[in-house]
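Peer 1: Here is a sequence together with a model predicted from it:
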Amino acid sequence: MSTRRRADRTVHRAGYVALVGAPNAGKSTLLNRLLGQKVAIVSPRPQTTRNRILGIATAPGFQIALFDTPGIHRPRPGLNRAMVDAAFAAIAEVDAVALVVDAARRPGPDGDGAEEGVDRVLEEIRRTGRKSALLANKVDRVARPALLPFIAGWTARHPFDLVYPLSALTGENAEGLGPALAGLLPEGPPIFPPDTLTDQAERLLAGELIREQVFRQTGEEVPYGVAVEVESFDESRRAAGTRPLVRILATLHVERRSHKAILIGKGGQKLKAIGTSARREIEALLGCQVFLGLNVRVEEGWTDSPGALRRFGYV
Ligand SMILES: Nc1nc2c(ncn2[C@@H]2O[C@H](COP(=O)(O)OP(=O)(O)OP(=O)(O)O)[C@@H](O)[C@H]2O)c(=O)[nH]1
Ligand SMILES: [Mg+2]
């Protein structure tokens, strides 16, 4: 037997997969789980993710370039429209679409139009002929007997090429997901160098980690009207001998005057707490000490302003 024939048997697969689904289904948690590192921010609130985020999972035998996308909901003009457009645009660019669903959520009207959004995703999968996967997430919150009928309900709606239950949060059944998704991809060599993790620059990721804390630490509609702009990212002391330091200055743009007061809080307490938590996260990302300076600016109605949306990188 020639070595050539033996080599032919080891197939390498590579391609693009889009993680799409309703807001809060766990898409970003799933991306971080697949990569084993945090590249996408996560919060208990819907509509946390605003941009398409690329994360690359590389393992022996496969490389999967994953797009995390904003949750699909009823698009309104402005920021929301840009978010939903970003999710659908990702579908057009991938080999396979992974629909992430919350297995702990009973089907039914949801008020934010996510249900219709998912119908549109399924139509788009059929129209484009993309491979498809149903990722039934949050199984840690589901009683076993309820899982089968839940999955049967979905497979009756669409003949998915792969059906995979897991918990992105606890990691239950998560190890097999990479190889299973890779099975939907074409044979081919890796697309990116094997040590590539994401297309996001550290500077952008730092801004996202600040925004994550705004989502986690402010209520009502405040986080939905906040955009974070990293004004400076000074690495000149990063390679310094004993105490390397990165200095970051960022502006939190709020949509309304009243939101500014809420974000700053009594005696500046709220902004301080956001800054402290975000700094810890950024230090973990950069692996060195970080000085983080935050300030708040009112940018009246920015979520409806095409110029501001462009400036903040949402269109
Ligand atoms: N119990 C449980 N919670 C989960 C699981 N996966 C995600 N979550 C939680 O669900 C919430 C939403 O998670 P995200 O990853 O931000 O969801 P998303 O789909 O990216 O949400 P958007 O970006 O808003 O569309 C967070 O509180 C997560 O901790 C899971 O497997 N089990
Ligand atoms: Mg998300």
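Peer 2: Here it is on my side, so go on. Ligands and ions are numbered 1, 2, ... in the order given.
Peer 1: For the rest of this, base every contact and every neighbour count on C-alpha atoms.
Peer 2: Fine.
Peer 1: List the contacts of the residue nearest to residue 217 when sequence neighbours are not counted.
Peer 2: Distances taken as Cα to Cα, 6 or more residues apart in numbering place residue 274 nearest to residue 217, at 6.9 Å, with adjacent residues excluded. Contacts for residue 274 (Cα atoms under 8 Å, 6 or more residues apart in numbering) come out as 210, 213, 214, 217.
Peer 1: Selection in ChimeraX covering whichever of those are buried, please.
Peer 2: Entered in ChimeraX, the line below selects the buried ones among the contacts of residue 274, by 16 or more other Cα atoms under 10 Å:
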select :210,213,214,217
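Peer 1: a markdown table for the contacts of residue 274, including pLDDT?
Peer 2: Compiled in a markdown table, those are given as follows (pLDDT from 0 to 100):
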| residue | pLDDT |
| --- | --- |
| 210 | 98 |
| 213 | 98 |
| 214 | 98 |
| 217 | 97 |
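Peer 1: From the contacts of residue 274, list the ones also adjacent to ligand 2.
Peer 2: Restricting these to those touching ligand 2 (Cα under 5 Å from the ion) yields no residues.
Peer 1: Now intersect the contacts of residue 274 with the helices, please.
Peer 2: Assigned to helices by DSSP state H, the following of these qualify: 210, 213, 214, 217.
Peer 1: which ones are touching the second one?
Peer 2: Contact criterion Cα under 8 Å, 6+ apart gives 274, 277, 278 as the residues in contact with residue 213.
Peer 1: Now the helix or strand harbouring residue 151: average pLDDT?
Peer 2: Residue 151 is part of helix 144-157, with elements assigned from DSSP states H and E. For helix 144-157, mean pLDDT rounds to 95.
Peer 1: Kindly report the same for stretch 230-247.
Peer 2: Rounded mean pLDDT across stretch 230-247 is 91.
Peer 1: what pairs with residue 14 across the strands?
Peer 2: Judged by DSSP bridges, the bridge partners of residue 14 are residue 63.
Peer 1: now the contacts of residue 213 in TSV, with distance to residue 121?
Peer 2: Formatted as TSV, these follow (distance: Cα to Cα, whole Å):
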residue	distance to residue 121
274	35
277	36
278	34
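Peer 1: Tell me the one among the residues you listed nearest to ligand 2.
Peer 2: residue 278 (17.5 Å; Cα to the ion).
Peer 1: Hmm, that closest one is touching residue 210, no?
Peer 2: Yes: the criterion here is Cα atoms under 8 Å, and residue 278 meets it with residue 210 at 5.1 Å.
Peer 1: buried set for the longest helix seen in the chain?
Peer 2: When the chain is parsed with DSSP H, its longest helix is helix 269-286. Judged by neighbour count using 16+ other Cα under 10 Å, the buried positions of helix 269-286 are 270-279, 281-283, 285.
Peer 1: try stretch 222-235
Peer 2: In terms of neighbour count (16+ other Cα under 10 Å), stretch 222-235 has its buried residues at 222, 223, 224, 225, 226, 227, 228, 229, 230, 233.
Peer 1: so which pair among those is furthest apart in space?
Peer 2: When Cα to Cα is used, the two most widely separated members of the buried residues of stretch 222-235 are 222 and 233, lying 25.6 Å apart.
Peer 1: picking that back up, how about the contacts of residue 213 in a markdown table, adding distance to ligand 2 and pLDDT?
Peer 2: Shown next, in a markdown table, are the contacts of residue 213 (distance: Cα to the ion, whole Å; pLDDT from 0 to 100):
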| residue | distance to ligand 2 | pLDDT |
| --- | --- | --- |
| 274 | 19 | 98 |
| 277 | 19 | 98 |
| 278 | 17 | 98 |
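Peer 1: residue ranges of the helices in this structure, please?
Peer 2: Taking DSSP H as the criterion, the chain carries its helices at 3-9, 27-35, 79-92, 114-128, 144-157, 177-182, 202-217, 257-264, 269-286, 306-311.
Peer 1: I'd like the mean pLDDT over the first one, please.
Peer 2: Same thing as helix 3-9. For helix 3-9, mean pLDDT rounds to 52.
Peer 1: still on that earlier bit, nearest to residue 244, of the contacts of residue 213?
Peer 2: For the contacts of residue 213, the nearest to residue 244 is residue 278 (18.1 Å; Cα to Cα).
Peer 1: Pull the number of nearby residues for the residue of the stretch 101-250 of the chain found nearest ligand 2.
Peer 2: At 10.4 Å from ligand 2, residue 212 is the closest residue in the stretch 101-250 of the chain, using Cα to the ion. Neighbourhood size, residue 212 [other Cα atoms under 10 Å]: 22.
Peer 1: sorry, back to before: nearest to ligand 1, out of the helices of the chain?
Peer 2: Each of these was scored for nearness to ligand 1 using Cα to the nearest ligand atom, and the closest is helix 27-35 (3.7 Å).
Peer 1: which residues are in contact with that closest one?
Peer 2: 19-21, 38-42, 49, 55-57, 66, 68-69, 100, 168-169, 171, 174, 177-178, 197.
Peer 1: Can you say which of those are also within reach of ligand 2?
Peer 2: residue 49.
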